[in-house]
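Colleague: pasting a predicted model and its sequence here:
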Number of protein chains: 4
Amino acid sequence: MAMVCLSDFEAYAKKYLPKIAWDYFAAGADDCTTRDENILAYKRIRFRPRMLQDVSVMDIRTKILGSEISFPVGIAPTGFHQLAWPDGEKSTARAARAMNTCYIASTYSTCTLEEISTAAPGGLRWFQLYIHRNRAASQQLVQRAEALGFQGLVLTVDLPYTGKRRDDVRNGFRLPPHMKVKTLERAFEVCKMSLLDPSVTWNDIYWLRSLTRLPIIIKGILTREDAELAVKHGVQGIIVSNHGGRQLDEGPATIDALVEVVEAVQDRVEVYVDGGIRKGSDVLKALALGAKCVFIGRPALWGLAYKGEEGLQEVLRILQDEFRLSMALAGCTSISEIGQHLVQFSRL
Amino acid sequence: MAMVCLSDFEAYAKKYLPKIAWDYFAAGADDCTTRDENILAYKRIRFRPRMLQDVSVMDIRTKILGSEISFPVGIAPTGFHQLAWPDGEKSTARAARAMNTCYIASTYSTCTLEEISTAAPGGLRWFQLYIHRNRAASQQLVQRAEALGFQGLVLTVDLPYTGKRRDDVRNGFRLPPHMKVKTLERAFEVCKMSLLDPSVTWNDIYWLRSLTRLPIIIKGILTREDAELAVKHGVQGIIVSNHGGRQLDEGPATIDALVEVVEAVQDRVEVYVDGGIRKGSDVLKALALGAKCVFIGRPALWGLAYKGEEGLQEVLRILQDEFRLSMALAGCTSISEIGQHLVQFSRL
Amino acid sequence: MAMVCLSDFEAYAKKYLPKIAWDYFAAGADDCTTRDENILAYKRIRFRPRMLQDVSVMDIRTKILGSEISFPVGIAPTGFHQLAWPDGEKSTARAARAMNTCYIASTYSTCTLEEISTAAPGGLRWFQLYIHRNRAASQQLVQRAEALGFQGLVLTVDLPYTGKRRDDVRNGFRLPPHMKVKTLERAFEVCKMSLLDPSVTWNDIYWLRSLTRLPIIIKGILTREDAELAVKHGVQGIIVSNHGGRQLDEGPATIDALVEVVEAVQDRVEVYVDGGIRKGSDVLKALALGAKCVFIGRPALWGLAYKGEEGLQEVLRILQDEFRLSMALAGCTSISEIGQHLVQFSRL
Amino acid sequence: MAMVCLSDFEAYAKKYLPKIAWDYFAAGADDCTTRDENILAYKRIRFRPRMLQDVSVMDIRTKILGSEISFPVGIAPTGFHQLAWPDGEKSTARAARAMNTCYIASTYSTCTLEEISTAAPGGLRWFQLYIHRNRAASQQLVQRAEALGFQGLVLTVDLPYTGKRRDDVRNGFRLPPHMKVKTLERAFEVCKMSLLDPSVTWNDIYWLRSLTRLPIIIKGILTREDAELAVKHGVQGIIVSNHGGRQLDEGPATIDALVEVVEAVQDRVEVYVDGGIRKGSDVLKALALGAKCVFIGRPALWGLAYKGEEGLQEVLRILQDEFRLSMALAGCTSISEIGQHLVQFSRL
């Protein structure tokens, strides 16, 4: 079976993963409308390609928060990589480093932060966290991540409670007994997530700020109002995200929300987006609409499910090739030439 | 079979109810366009969720016409509950009381008003009526309901004649011989409804007003013009409804009509809506667009068909949990925080 | 099999007619886009129903060009009724008279005008004609029709050449040897229609005018420009029509074209519409948008195919009942109360 | 099997061509969105047909760059005709000449330019070229074409790199060993196209201009900005094209792009369009929106696959008949009467 595009990896993962794991990764909240809209919304954006631009030399490198990456696609935080591949997040870390891009390790990793660090020394990594009821636990995690060389903190703000993912309820999803949420270093029951603190507010950004010198990236913003608040509270970056459609169903597709967030932020901080990226041209669209970088969630898991580190590299390489080709065919040779003039919203 | 969402109850009811009963409950007029649009129209509304709002303490109680209910979902009037469950409306009354919400008993109940009252003393109940050719009969019903402690009168105005429900015609639908429309205390032929008076006009609201001290809620309004007339004629509440798509096909979806009715009414009376509610987030959308409360019709019948009183409670509990979760994920902690800023109409 | 709505007759006809006849009646030009759009366009129109209007007494009679009909639905001109039922147009004439409505007999009738007249003396009938290369033939037809008591001349203007109906080409459609286009009183080959004159212009309306005192109704107008010209050239009526989608594919749906024609005509002449009428509520929509009456084509043929005169009466009676019910549920009691306030175009 | 419309030829080709050849011809880039949109976009355009225009005498001839053709449909450049029919481009040339229209021979022809010329002396032909890294090779091709009597040079500008056509990758597409890209007179590997120069810019138009007195037509323009540049750089014609959806996926449908290009060009040069033409009425729409002529790609290949020269003639004849009929039914008798008043964009 030739792996030509990301859908091939999806088909592979659906076929070979245990149903309960596939369902967990694939799950969206309620009717899965937002999960699917994330993808469909890209289809409503049309390119305006320009010709005869001398695209013989292509440079697709970019920087996020000052660190260079080989192309503007990183790995979004997702949990439980051992469900996809025995080596779990260690493979993810190695693949990201090999491709010279950024990996956002999830709080719900099945490897410890130390294992992740050791697996791929020197790789660019950010650490994704929630604020727990037990603030000391959060503090300890932040400081461990900083000590281990993680270069950014990604605070997820759209999960005061876990969204209702019907298949997980039907399946009675929980981690198999031999896996643990090692990052949290204790037994963990997924569908409760009772450790998370739903009372968190914008003021807690200041508290988090006080714990660390790392840049803070806030993940889960979908409106201009919240984007404005994020800037005002001093974050360094915003990830426009709806948690892959796993939290509140029937909110906006992330690529649609990106437009209003970018407009509100006015370049004061970097804006990223995740959700629905399936082709290199999707990356180009997101950048044209103002994203500095995109992050992939499920496609990374499909890559892991296919062949671990090697499979994820293959996913990233395909995206990289497709992105470069899209840029060239649209008439751009470097990231700085990408802008809103490249796209228009379809009438459909 | 895990009952995770309302569709599970629908699937159960379709499988286990006699076809003639399922068809009667499911029926829409003509091509069933409006019945289906009631649901689809909710899909065209997108949330604008807000983050970091301290949603640790949630209060989803509200009041309708001064009475507190545990959450803004009541039971819409539907006929013939014995077709769904042997105990019929007695089970409905018990479930509504157990969940501390409002039950609108239909004129076409297969239990008497007395049986309904006795089954769940102290429950919040409204009585739904039509104006019959024999006004004395209507008057007697109103006064019986008032004496039995019903706290509101719901006058249905969209059924001067019965809509054309093709499956009912094909099935030759009528009640089985052992069931009776006991509320009306006489034999009754469904497809004729010859008792109803198609000559009723707005002036009859004054006549109804003269019979009772109960608040009058008018059910079946779909335009700003009629909403204005309803307020002018002194009703206390309006239920935006198209009779579940069973009367005039190809009128507006109720959630769309709600917008113009709310705008016309300008808070002078309470506005409610029924039709198409299938998830807790639908309730949140209706409230964001100005409804004080929503009412469920077919989902209540599915709950009855599943396990009578207990099944209906399960339906209500699921809606309650989903509604609370949607509110939290949208950043609201109480009903008063819900407003139009939470939603936008999709381009699709 | 209960015949509840027009689709039941369609299903019957599809099942029992010879394929070649079904295909001929069903055919649309090219991709059949316009044929199908005629129906879909009605679905994009939503009612704004009004309540509490005293609809106890309904009057659905109307007048077209001064003649009273029992309700605003007539029989559009279609050819070859013997393909549907042995008695052909004689049955059609009888059914139309029995239902007290107008029948437009086609030039391509398989009965003579005399047979049609004799079959149902006193019925309201118009005669549909083309202008032939041999003007004397046209003149003779006009004068025969007038002498036989036809009360209007319907000049079809959208067939200078026959549209490309793929199935007819594939089937090599032609009339069976025992049928003849008796109206024209000579052998006739359908797919050539070489008799029609493609050089006809607006000036020929004056010529036609000079032949007869009958009112002239022009059929096949789809734009405001042509509507204006029709009025200017002295016709008494306009039928907005795209020939059931059988001529130029991908023109407007007739209900959409009706809006611009009505606006252009400003009540100077009567405007009718055909194409896509499948329910009584479609009739109500057409009248709300300014049509004086609608005409049905294929549904009349399905009725004939079902049971000849009796079947067509059944079709008309269903439409009549549905139309009356739609009017009542929308809050109207007579034709004069129907207006544009009853409808709005859907966002979809 | 009757060949009634172009879809019949498509079905035939799909059935009888080797899968690898069918896939190559059918391929679109990535998700094939643009390939399919090229067709769908025509469906969103509605005619406004005019009646009673005397369409007895039809003249559908037109001129492109001064040369008369029998109707405004030419053959777009596509590669590897021997994959469809043994005689390859020789058959194409003969069919085009027989139908008195223009054939744009592709650089990737499997016959030499000399063979093409000899096969159909006197036919109107343009030569399609890319600019190669080896400019001398390009120069030689241009001068050979000019010497052989080709009357125009079509410079394709949307292929600095080959688009990603997934099926070709999966199939490992390459020419069978017995075929050669004879025009280039050397062995050739399709999926590399390493000969093309991605550094080409607008200035190279001046270089090309210096080589030849032939008119230059630029193919692959999709925006008003590039149309403006093309005019400024002195080309004689523009083909609005997205390479049949084989290059950048999710750009505009060509018929949509045509509108903005025509507006920008303001009649300074001739504008043509290819992509998505499947019916004579599509041709009429393109002309109404300002195209001087359209070119067909895949339908020509289907015609070849059916019966070589004869099959392609049949395709052209069907388009010609359909185009003439559409014109007549829309009320036009000559190309000069076709204009924007004939069409409107549908709400859908």
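Modeller: Alright, I've got the coordinates.
Colleague: list the contacts of the residue in the stretch 51-200 of chain A that chain B sits nearest to.
Modeller: Residue nearest to chain B within the stretch 51-200 of chain A: residue A:199 (3.7 Å; C-beta to the nearest C-beta). Bear in mind the C-beta positions are built from the backbone N, C-alpha and C, glycine included. Residue A:199 is in contact with B:54-56, counting by C-beta atoms under 8 Å, 6 or more residues apart in numbering or on different chains.
Colleague: export the residues you listed as TSV, with columns for secondary structure, neighbour count and pLDDT.
Modeller: Formatted as TSV, the contacts of residue A:199 follow (DSSP: H, G, I helix; E, B strand; the rest coil; neighbours: other C-beta atoms under 10 Å in any protein chain shown; pLDDT from 0 to 100):
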residue	secondary structure	neighbour count	pLDDT
B:54	coil	16	98
B:55	coil	23	98
B:56	coil	15	97
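Colleague: tell me the one of those residues nearest chain D?
Modeller: The closest of the contacts of residue A:199, once distances to chain D are taken by C-beta to the nearest C-beta, is residue B:55, at 38.7 Å.
Colleague: now do the SS call for the residue of the stretch 51-200 of chain A closest to chain B.
Modeller: coil (DSSP: H, G, I helix; E, B strand; the rest coil).
Colleague: for residue A:9, which non-adjacent residue is closest in space?
Modeller: Excluding its sequence neighbours, the residue lying closest to residue A:9 (C-beta to C-beta, 6 or more residues apart in numbering or on different chains) is residue A:302, at 3.8 Å.
Colleague: give me the element that neighbour is part of.
Modeller: Assigned by DSSP states H and E, residue A:302 belongs to helix A:298-330.
Colleague: kindly report the same for residue A:219.
Modeller: Going by DSSP H and E, residue A:219 is part of strand A:216-221.
Colleague: checking my notes, residue A:271 in a helix, right?
Modeller: No - using three-state DSSP, the assignment for residue A:271 is strand, not a helix.
Colleague: and it, how many neighbours?
Modeller: 25 (other C-beta atoms under 10 Å in any protein chain shown).
Colleague: show me what contacts it?
Modeller: A:227, A:237-240, A:258, A:261-262, A:265, A:290-292.
Colleague: how about 7 Å then?
Modeller: Residues near residue A:271 by C-beta atoms under 7 Å, 6 or more residues apart in numbering or on different chains: A:238, A:240, A:258, A:261-262, A:265, A:290-292.
Colleague: ok, and the most crowded of the residues you listed?
Modeller: residue A:240 (33 neighbours).
Colleague: give me the pLDDT for it.
Modeller: Note for residue A:240: predicted pLDDT of 98.
Colleague: and it, how far from chain B?
Modeller: Applying C-beta to the nearest C-beta, to the nearest Å, the value for residue A:240 to chain B is 12 Å.
Colleague: where does that residue fall, phi/psi-wise?
Modeller: With angles defined as degrees, to the nearest 10, residue A:240 sits at phi -70, psi 120.
Colleague: correct me, but residue A:104 touches residue A:76?
Modeller: Yes - counting by C-beta atoms under 7 Å, residue A:76 is a contact partner of residue A:104 at 6.0 Å.
Colleague: what do those two both touch?
Modeller: Listed as contacting both residue A:104 and residue A:76 by C-beta under 7 Å, 6+ apart are residue A:295.
Colleague: can you pull the contacts of residue A:205?
Modeller: A:216, A:233-235.
Colleague: neighbour-wise, which of those leads?
Modeller: residue A:235 (24 neighbours).
Colleague: next, that one: secondary structure please.
Modeller: Going by three-state DSSP: residue A:235 is coil.
Colleague: which strand or helix spans residue A:92?
Modeller: helix A:89-98.
Colleague: one step back: now the contacts of residue A:205 as TSV including distance to chain B?
Modeller: What follows is the contacts of residue A:205, written out as TSV (distance: C-beta to the nearest C-beta, whole Å):
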residue	distance to chain B
A:216	13
A:233	9
A:234	14
A:235	11
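Colleague: so which elements touch the helix holding residue A:302?
Modeller: Packing contacts for helix A:298-330, counted by 3 or more C-beta pairs under 7 Å, 6 or more residues apart in numbering or on different chains; DSSP states H and E, involve helix A:6-16, strand A:73-75, helix A:89-98, helix A:280-288.
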